[in-house]
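Participant: the following comprises the amino acid sequence and a computationally predicted model.
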Amino acid sequence: MNALNRSSQGAAVQAHIRALPLYVPGRSEQSVAREYGLSRVIKLASNENPLGCSPEVGKALAEHLAHGQTALARYPDSEASELRHALSRHHGVPPECIAMTNGSHELIDLCAALTLHDGNEGVYSQYAFQAYPISIRARGAAAIQVAARDFRHDPDAICRAMTKSTRLVYLCNPNNPTGTVLRPEDIERILGAAGPHTLVVLDEAYIDYLDPALRPDSIGLVARYPQLVIARTFSKAYGLASLRVGYGIMQPEIVDAIARVRPTFSVNALAQRAALAALADQAFLQGTQALNRAGIAQITRSLQRHRIEWIPTHANFIAIRLNDAAAVAERLLQAGVVVRPLSAYELHDFIRVTIGTEEENELFLRALLQAVEPA
Ligand code: PMP
């Protein structure tokens, strides 16, 4: 490709797409190791499972690949029937109420495709997952950000922000990147205030980390609020982030609409096999939850001892308040610990750290204390 005709490059791209911010994911271990010449890098930047995934997943994938040359040559089951039926039994909902997607991010994005265009509105909370305003604005719709209160979704303000032009509301529970939780009654209040023409996406990517006593009966709400979409993922507690499996629970009419806009084979065959094996190993999930609880206790004990502030978390990460968060994140990188500075969320004095194994947490804490008070 040459550099001629530069003035026309990208001219076909709509102006509102060119104006979108770029979603920047956490850096990989490999790129950090290369840049800083490190032999060991601990990645605590993308809320992945530090235990990896269930050992059953490897066995299931090996078995699938043992089918010989056809294992990869055939297109996958576009409806992921076996996985959808397993999820149906797991959640006690009919399979017709489940849509499978390439990670929950695809579902989140497709919900905007179903509802938004130039002239209407999507609503989301300040300090909520960065992908929401991108999906809204990509459709030419107005992205209405509702001010958070104490770093949390403010349900009253969200209800007030909904107008007759609002077609989509994103809620995140627990919320990324703050780890805060929405009370079940607040979720219902928002659903009650949303009109029948407003789709409400309840993003529960981190729900497996939330204390069961604080969990809403979100799936039960789908029967009562037909405009509700629950977004779930195998990327976090099930440890399958690289395979990209997400799903939604919703009324069959919305599943049908998703099927019309979703790229046909968005969940590949290996991902389907892996998710089936992961779902069957609930003992692994419980181990993950226990490790996460212990990790939060370990990290917050140390932060408290050193008088460092944090936002109480209900997820597998923690937002920590620091004077010069971006500089601390850079010093942590140099020490081989990758965390996420939260300036993209305008939380300039925070970093977000994924809860790791006990050893990873210890190494992070040691590096943090040095980074906060550089010699
Ligand atoms: N929702 C939230 C709140 C997230 O933090 C993420 C991942 N960062 C996602 C959805 C998307 O995850 P995935 O596509 O891997 O399911």
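Facilitator: Perfect, thanks for sending it.
Participant: which residues does the one helix or strand in the chain whose mean pLDDT sits lowest contact?
Facilitator: Every helix and strand in the chain was compared by mean pLDDT, DSSP states H and E; the lowest is helix 70-73, with a mean of 88. With contact meaning C-beta atoms under 8 Å, 6 or more residues apart in numbering, helix 70-73 is reached by 64-65, 269. For the C-beta atoms, the positions are set from N, CA and C on the backbone; glycine is no exception.
Participant: quick one: buried ones out of those residues?
Facilitator: When the contacts of helix 70-73 are checked for burial by 16 or more other C-beta atoms under 10 Å, the buried set is 64, 269.
Participant: now the contacts of helix 70-73 in a markdown table, with secondary structure and distance to the ligand?
Facilitator: Listed next are the contacts of helix 70-73 as a markdown table, based on DSSP: H, G, I helix; E, B strand; the rest coil; distance: C-beta to the nearest ligand atom, whole Å:
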| residue | secondary structure | distance to the ligand |
| --- | --- | --- |
| His64 | helix | 21 |
| Leu65 | helix | 23 |
| Ala269 | helix | 18 |
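Participant: and the following helix or strand past the least confident helix or strand of the chain, what's buried?
Facilitator: Per DSSP states H and E, the first helix or strand lying C-terminal to helix 70-73 is helix 81-91. When burial is assessed from 16+ other C-beta under 10 Å, helix 81-91 yields the following buried residues: 83-84, 86-88, 91.
Participant: try stretch 307-323
Facilitator: Neighbour-count burial for stretch 307-323, counted by 16+ other C-beta under 10 Å, picks out 308, 310-311, 313-320, 322.
Participant: where do the strands sit along the stretch 201-350 of the chain?
Facilitator: 228-233, 246-249, 309-310, 317-321, 337-338, 340-341, 350-354 (DSSP state E, counting those that start in this stretch).
Participant: for these, give me a markdown table that also has mean pLDDT and distance to the ligand.
Facilitator: Below are those laid out as a markdown table (pLDDT from 0 to 100; distance: least, C-beta to the nearest ligand atom, whole Å):
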| stretch | mean pLDDT | distance to the ligand |
| --- | --- | --- |
| strand 228-233 | 98 | 3 |
| strand 246-249 | 98 | 4 |
| strand 309-310 | 98 | 18 |
| strand 317-321 | 98 | 9 |
| strand 337-338 | 96 | 15 |
| strand 340-341 | 95 | 10 |
| strand 350-354 | 98 | 10 |
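Participant: residues from the stretch 1-150 of the chain in reach of the ligand?
Facilitator: Proximity of the stretch 1-150 of the chain to the ligand (C-beta under 6 Å from any ligand atom) is limited to residues 103-105, 129.
Participant: can I have the buried ones of those residues as a ChimeraX selection?
Facilitator: Burial among these is assessed by 16+ other C-beta under 10 Å; the matching ChimeraX selection reads:
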select :103,104,105,129
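Participant: among the residues of the stretch 1-150 of the chain next to the ligand, which ones are in helices?
Facilitator: If you go by DSSP state H, these have 103-105 in helices.
Participant: could you export these as CSV, including distance to Tyr23 and pLDDT?
Facilitator: Listed next are these as CSV, based on distance: C-beta to C-beta, whole Å; pLDDT from 0 to 100:
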residue, distance to Tyr23, pLDDT
Gly103, 13, 98
Ser104, 14, 98
His105, 9, 98
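Participant: between those, which is nearest Asp203?
Facilitator: Relative to Asp203, the closest of these is Ser104; by C-beta to C-beta it sits at 6.9 Å.
Participant: if I pick the nearest residue to that closest one once chain neighbours are set aside, what's in contact with it?
Facilitator: The shortest distance from Ser104 to any non-neighbouring residue, by C-beta to C-beta, 6 or more residues apart in numbering, is to Gly246 (3.3 Å). Neighbouring residues of Gly246 by C-beta under 8 Å, 6+ apart: 100-107, 231-235.
Participant: thought Arg331 was touching Leu368?
Facilitator: No: contact criterion C-beta atoms under 8 Å: Arg331 and Leu368 do not qualify, at 9.0 Å.
Participant: those two: which is more packed in?
Facilitator: Here Arg331 and Leu368 are compared on neighbour count by other C-beta atoms under 10 Å; more neighbours surround Leu368, at 25 against 16.
Participant: flag every buried residue along the helix or strand the more buried one falls within.
Facilitator: Take DSSP H and E as the rule and Leu368 turns out to sit in helix 358-372. Using 16+ other C-beta under 10 Å as the test for burial, helix 358-372 gives 360-361, 363-365, 367-368, 371-372.
Participant: SS state for the closest residue in space to Gly287 that isn't next to it in sequence?
Facilitator: Leaving aside its chain neighbours, Gly287 sits nearest to Leu51 (6.7 Å; criterion: C-beta to C-beta, 6+ apart). Three-state call for Leu51 (DSSP: H, G, I helix; E, B strand; the rest coil): coil.
Participant: and Ala367, what does it touch?
Facilitator: 331-332, 335-337.
Participant: just send those residues back as TSV, with distance to Ser218 too.
Facilitator: Converted to TSV, the contacts of Ala367 look like this (distance: C-beta to C-beta, whole Å):
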residue	distance to Ser218
Arg331	40
Leu332	35
Ala335	40
Gly336	39
Val337	34
